[in-house]
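Chemist: just need the structure, nothing else, for what follows:
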Amino acid sequence: MTNRQIDDPDVRLLAGFASTLHPDYLDQDYSWKGSPFAWIRTRQSRQVGKIGEQLVAGYLAAKEFDVVRSPDSDADRIINGVRIEIKFSTLWKAGLYRFQQLRDQNYEIAICLGISPFNAHCWVIPKKVILDGCGKLEGLSYQHGGQTGQQGTIWLNVTPDKAPTWLAAYGGTLRQATEVLRGLSSR
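Modeler: Take a look at the predicted model:
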């Protein structure tokens, strides 16, 4: 590609304004620099969810779980015979994970995998805990309408170094979450 000059003076003027705005729109978050997960943040949100599913599936298969794709869209995978919904989040600038679109669908357990620049966090939560705890347990709320919202989609907000105490029973580290899943999927 050759370097091209802008000949039109009006376009040059507009380009000058654009160059003064550019620094305001640069991502100044250098915390992901050098992270093996940084590339994930460059993908579109639809792809990010799929990547999260693939990460969980690959990790659990490597840990000797039986992992297969769900035959329908109500669950993402069937792991050791249990229908699993997988939610994925990268660490937000505010220092939290936001696991979105938790719904009352045909799955038994939600796996929430959070990736930060040089760490990962994971929780394996029975769907009943999510549905019954929405608006009652710290971090669980309806996406539309907050704590007192109507039935529908739920999200879970977790600041990993200050995770709600109720979440400790469902993991935190990858190892802890894997053990929780072993216990729940062997019943």
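
Chemist: packing partners for the worst-scoring helix or strand of the chain on mean pLDDT?
Modeler: In the chain, no helix or strand scores lower on mean pLDDT, DSSP states H and E than helix 9-21, which sits at a mean of 79. Contacting helix 9-21 under the criterion 3 or more C-beta pairs under 8 Å, 6 or more residues apart in numbering; DSSP states H and E is no other helix or strand. C-beta coordinates here come from the backbone N, C-alpha and C atoms, glycine included.

Chemist: just the residues contacting that helix, thanks.
Modeler: The contact list for helix 9-21, computed with C-beta atoms under 8 Å, 6 or more residues apart in numbering, reads residue 6.

Chemist: starting from it, tell me the next helix or strand along the chain.
Modeler: helix 45-62 (DSSP states H and E).

Chemist: kindly export that following helix (C-alpha atoms) in PDB.
Modeler: These are the backbone C-alpha positions of helix 45-62, laid out as PDB (Å, rounded to 0.1, in the frame of the first residue of the first chain):
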ATOM      1  CA  SER A  45     -19.000 -10.200  21.700                       C
ATOM      2  CA  ARG A  46     -20.700 -13.100  19.900                       C
ATOM      3  CA  GLN A  47     -17.300 -14.700  19.200                       C
ATOM      4  CA  VAL A  48     -16.200 -14.100  22.800                       C
ATOM      5  CA  GLY A  49     -19.000 -16.200  24.100                       C
ATOM      6  CA  LYS A  50     -18.100 -19.000  21.700                       C
ATOM      7  CA  ILE A  51     -14.400 -18.800  22.700                       C
ATOM      8  CA  GLY A  52     -15.500 -19.100  26.400                       C
ATOM      9  CA  GLU A  53     -17.500 -22.200  25.600                       C
ATOM     10  CA  GLN A  54     -14.500 -23.700  23.800                       C
ATOM     11  CA  LEU A  55     -12.100 -22.800  26.600                       C
ATOM     12  CA  VAL A  56     -14.300 -24.500  29.200                       C
ATOM     13  CA  ALA A  57     -14.900 -27.500  27.000                       C
ATOM     14  CA  GLY A  58     -11.200 -28.000  26.200                       C
ATOM     15  CA  TYR A  59     -10.100 -27.400  29.800                       C
ATOM     16  CA  LEU A  60     -12.700 -29.900  31.200                       C
ATOM     17  CA  ALA A  61     -11.900 -32.500  28.500                       C
ATOM     18  CA  ALA A  62      -8.200 -32.200  29.500                       C
END
